[in-house]
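Asks: here is my input, please return the structure:
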Amino acid sequence: MLIVLCRTKLYPGFSQMNNYLFAIVKKTLKFMIIILPGFLMKLKFILIISFVIFYSITSSAQVKIKSYQAKNFIGKKVIVSGYVAQISETKGGDIILNLGERFRLNELTAVINKSDIANFRNIILCSGRNVEISGTITGTKGSPQIILRNTIQIKIIN
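Replies: Numbers count the residues shown, from 1 in each chain. Take a look at the predicted model:
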């Protein structure tokens, strides 16, 4: 504001200083016009990348729950820990792991579809053991279940 007033010759005694200050401001503005948008673009890019990384870290973090809590997490991706009380085969050839209790009283059902059984050669080793199962809990007929497709979804913890 001062420079603009000086430039309009309200202060004629300071004309040399006015020209000098005006030249500095002009150079600074050119610098800001040329350099600043590039800097802002880099800053914006860094902020966007940081947000994406933060979001991916927080969204991929799975909640660890116990098998009796499964009914409260339907539709969520979780890691469930519990005791494998029973392993059985359905009429259709799927493998069922009942966590918590035996069938009808179980807290969570882990289902291995017939087409994925080849991936789970040693699933019988889980019987009577505590396991961690990861995946999205779905609810069928009021009972929570997780579909197991790969061995990385199940881990024996004792």
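
Asks: what's the burial count for Ala85?
Replies: 18 (other CB atoms under 10 Å). Using the backbone N, CA and C atoms, a C-beta is placed for each residue, glycine as well.

Asks: 70 is where my numbering starts, stick with that
Replies: Sure thing, new numbering starts at 70, so read that last one as Ala154.

Asks: pairing partners for whatever helix or strand it lives in, with directions?
Replies: According to DSSP states H and E, Ala154 maps onto strand 146-158. Here strand 146-158 is paired, per DSSP bridges, with strand 132-135 (parallel), strand 164-168 (antiparallel), strand 199-209 (antiparallel).

Asks: CA atoms of the shortest one as PDB?
Replies: Put plainly, it is strand 132-135. What follows is strand 132-135 as a C-alpha-only set of coordinates in PDB (Å, rounded to 0.1, in the frame of the first residue of the first chain):
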ATOM      1  CA  VAL A 132     -10.000 -54.500  14.200                       C
ATOM      2  CA  LYS A 133      -9.200 -57.500  16.400                       C
ATOM      3  CA  ILE A 134     -12.200 -59.000  18.100                       C
ATOM      4  CA  LYS A 135     -13.200 -62.200  19.900                       C
END
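
Asks: let me see the mean pLDDT of it.
Replies: In this model, strand 132-135 carries a mean pLDDT of 88.

Asks: could you do the last one as well?
Replies: Model confidence over strand 199-209, given as mean pLDDT, is 89.

Asks: what's in contact with the following helix or strand past it?
Replies: Using DSSP H and E, the helix or strand that follows strand 199-209 in sequence is strand 212-217. Identification of contacts with strand 212-217 by CB atoms under 8 Å, 6 or more residues apart in numbering yields 139-140, 142-143, 149, 166, 175-182, 185, 189, 202-208, 222-223.

Asks: by contact count, what packs against the next helix or strand after strand 212-217?
Replies: Next along the chain after strand 212-217, taking DSSP H and E as the criterion, comes strand 223-225. Here strand 223-225 touches strand 199-209, going by 3 or more CB pairs under 8 Å, 6 or more residues apart in numbering; DSSP states H and E.
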